[in-house]
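> Below is the sequence, then the predicted model.
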Amino acid sequence: MADFLTPQQEDFSKWYNEIVQKADLADYSPVRGSMVIKPYGYTLWERIRDELDLRFKETGHVNAYFPLLIPMSFLEKETEHVEGFSPELAVVTHGGGAELEEPLVVRPTSETIIGHMYAKWIQSYRDLPVLINQWANVVRWEMRTRLFLRTTEFLWQEGHTAHATQQEAVEETLRMLDVYTDFAVKEAAIPVIQGRKSESEKFAGAIASYTIEAMMKDGKALQSGTSHFLGQNFARAFDIQFLDENNEKQYAWTTSWGVSTRMVGAVVMCHGDDQGLVLPPHLAPIQVVIVPIWRKDAERAAVIEAAQKIKTQLKGIVRAELDQREGLSPGWKFNDWEMRGVPLRIEIGPRDVANQSVMVARRDIPGREGKVQIAMAELTACLPALLESVQAAIYARALAFRDSHIIDVTTYGELKEAVETGFARAWWAGGTADEAAIKEECKATVRCIPTDQPGGSGACVYTGKPAAEVAIFGRSY
RNA sequence: CGGGGCGUAGCGCAGUUUGGUUAGCGCGCACGGUUUGGGUCCGUGAGGCCGUCGGUUCAAAUCCGACCGCCCCGACCA
């Protein structure tokens, strides 16, 4: 069965490309490096979006929308920022049939235009903090692209906040990192390592960047969300000043943080298997699919009626769909929904109608072991719990996988070996040059310096110098 | 940008080495029937500027040249 997908073991990259298309998440667009997000993939994104948005609102943020086009000169106001982004800018030089006086860039991110507006809006400490988020598309002209993981245009949210004090801004940066962690763990069922980015991996223009790093099933790291403490860099560049309680001018402290459609790729690569997607119930567009089974026309009516009744029963309790497609065998449908990663499948045939029960199959446990018989009357009570059980099980599985692929190493040789299959954790006191050398030799980078530190100290895995922190090394997407 | 691969029906491919009637196959699609508890079966049918342009030739999917595009691996990045 399922020679429809290239097995992960054989070629993970190929598996990924196939599944994204076969599960109807996305398709290639005619423009190199950009993709069409299909309804099923977009619904998944909407689930991600809704869960994050809820958390943003809970932490006091509001949504707004800033424009797509930004004057070129804005990007140039922050030196590091422009250096970081200029190679990947898409620039608009013509409009209305004439060459523009000043080129406009299609936003690669919105710090600059938002900084410009904040300078206008913020006058007094009473105006602070400003806690705005926007859901938007951005464009970065990447050299190499992959569906969801890196596309020329992608969707994301970018939070941009301004604060009166450094402490408040740092707190905000870390608070949103916690929000991301909470989302990843509870909703996406993806265990993440939270930590600080090294100097060389930091956001262009930030004082400090923080990240949640997830491990994919091929042992590679995927940066799944970032939160940046921008200090007063953008406040100085855009003149975001306010009068404090003492009537003194101060530069504001700003932050920015984002999660993108890359998260969809994370869900795919963290949970998917050789049968297809495995979606966490909390994010699955369809949580339960009902597949009716019949042999004769006489049976058909009763089965469909019972199936429809179940669907109605489940309304508002779980996201259920009834697969009424004609001419497809149940087996075919089973495989089809497994490809799409639907967490639970209800099989209902004449025998079930007679017993007033159904078979419920779990996507995360293949074959007979994953099937249980449930009385129709019990469904509304059982299914939510069963979904939670699937959610917990795939998280546990992902966590066990990740933890068994993180190796504590003390020598460089061990590090080199560890990053072949997963992450290496080691004492680290190296600098940017050391990191570059490691990258050259092992194709691995410092993914982060985890928030969770063991304490104490040790010898740096690369330089041998005394180190106060451990770092996570890995190959990344 | 460097290395590799590939452009033939909606998708996946064969045919190209060695040029030769009307370009095939599988899946999918449409219609009819049959079937449906783990990817049913039969029949009928629709669907092609063989990536583009140019060249060689009596004759080009096939040989030659240029170009375009896509995918994979690397350098850059959420």
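Thanks, I have the structure now.
> make it CA atoms for all contacts and neighbour counts henceforth
Fine.
> The stretch 101-250 of chain A: strands as residue ranges?
Using DSSP state E, counting those that start in this stretch, the strands found in the stretch 101-250 of chain A span residues A:130-139, A:153-163, A:192-196, A:208-215, A:221-231, A:241-243, A:249-251.
> Can you redo the ones you listed as TSV, where the extra columns are mean pLDDT, mean neighbour count and distance to RNA strand B?
Output for the strands of the stretch 101-250 of chain A, formatted as TSV (pLDDT from 0 to 100; neighbours: other Cα atoms under 10 Å; distance: least, Cα to the nearest atom of the strand, whole Å):
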stretch	mean pLDDT	mean neighbour count	distance to RNA strand B
strand A:130-139	96	20	7
strand A:153-163	96	23	5
strand A:192-196	96	23	12
strand A:208-215	96	27	8
strand A:221-231	95	26	5
strand A:241-243	97	22	27
strand A:249-251	97	19	25
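> Redo those as a markdown table? Include distance to A:Arg175.
Output for the strands of the stretch 101-250 of chain A, formatted as a markdown table (distance: least, Cα to Cα, whole Å):
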| stretch | distance to A:Arg175 |
| --- | --- |
| strand A:130-139 | 12 |
| strand A:153-163 | 12 |
| strand A:192-196 | 12 |
| strand A:208-215 | 11 |
| strand A:221-231 | 9 |
| strand A:241-243 | 24 |
| strand A:249-251 | 22 |
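> burial of A:Ile37, as a residue count?
By other Cα atoms under 10 Å, 22 other residues sit near A:Ile37.
> Actually, A:Ala467.
Counted with other Cα under 10 Å, A:Ala467 comes out at 18.
> Please name the nearest non-neighbouring residue to it.
Leaving aside its sequence neighbours, A:Ala467 sits nearest to A:Ala429 (Cα to Cα, 6 or more residues apart in numbering; 4.9 Å).
> same deal with A:Val446?
What sits nearest to A:Val446 in space, not counting adjacent residues and going by Cα to Cα, 6+ apart, is A:Phe473, at 4.5 Å.
> did I read that right, the one you found in a strand?
Yes: A:Phe473: assigned to a strand according to DSSP: H, G, I helix; E, B strand; the rest coil.
> That one reaches A:Ala444, doesn't it?
Yes: taking contacts as Cα atoms under 8 Å, A:Phe473 lies within contact range of A:Ala444: 6.2 Å.
> So for those two, which residues contact both of them?
A:Val419 (Cα atoms under 8 Å, 6 or more residues apart in numbering).
> the more surrounded of the two?
A direct count of neighbours by other Cα under 10 Å for A:Phe473 and A:Ala444 places A:Phe473 higher, at 30 against 25.
> May I ask which helix or strand encompasses the residue sitting furthest away from the middle of chain A?
Largest separation from the mean C-alpha position in chain A: A:Ala298, at 47.5 Å (Cα atoms, centre = their mean). Assigned by DSSP states H and E, A:Ala298 falls within helix A:297-314.
> pull the CA atoms of that helix into CSV?
Coordinates of the C-alpha atoms in helix A:297-314 are reproduced here as CSV (Å, rounded to 0.1, in the frame of the first residue of the first chain):
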residue,chain,number,x,y,z
ASP,A,297,-28.7,0.4,-3.0
ALA,A,298,-31.1,-0.7,-0.3
GLU,A,299,-28.3,-0.3,2.2
ARG,A,300,-27.2,2.9,0.9
ALA,A,301,-30.1,5.0,2.0
ALA,A,302,-29.9,3.8,5.6
VAL,A,303,-26.2,4.2,5.8
ILE,A,304,-26.2,7.7,4.4
GLU,A,305,-29.1,8.7,6.6
ALA,A,306,-27.2,7.5,9.7
ALA,A,307,-24.0,9.2,8.5
GLN,A,308,-25.8,12.5,8.0
LYS,A,309,-27.4,12.2,11.4
ILE,A,310,-23.9,11.7,13.0
LYS,A,311,-22.6,14.7,11.1
THR,A,312,-25.5,16.8,12.4
GLN,A,313,-24.9,15.5,15.9
LEU,A,314,-21.3,16.5,15.8
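> hmm, the helix or strand just after it touching RNA strand B?
Once the chain leaves helix A:297-314, the next helix or strand it forms, by DSSP H and E, is strand A:320-322. No: against RNA strand B, strand A:320-322 shows no contacts by Cα under 7 Å from any atom of the strand, the least distance being 14.2 Å.
> Quickly list what the residue lying closest to A:Ser209 once chain neighbours are set aside is bridged to.
Excluding its sequence neighbours, the residue lying closest to A:Ser209 (Cα to Cα, 6+ apart) is A:His228, at 4.4 Å. A:His228 forms beta bridges with A:Ser209, A:Ser256, as assigned by DSSP bridges.
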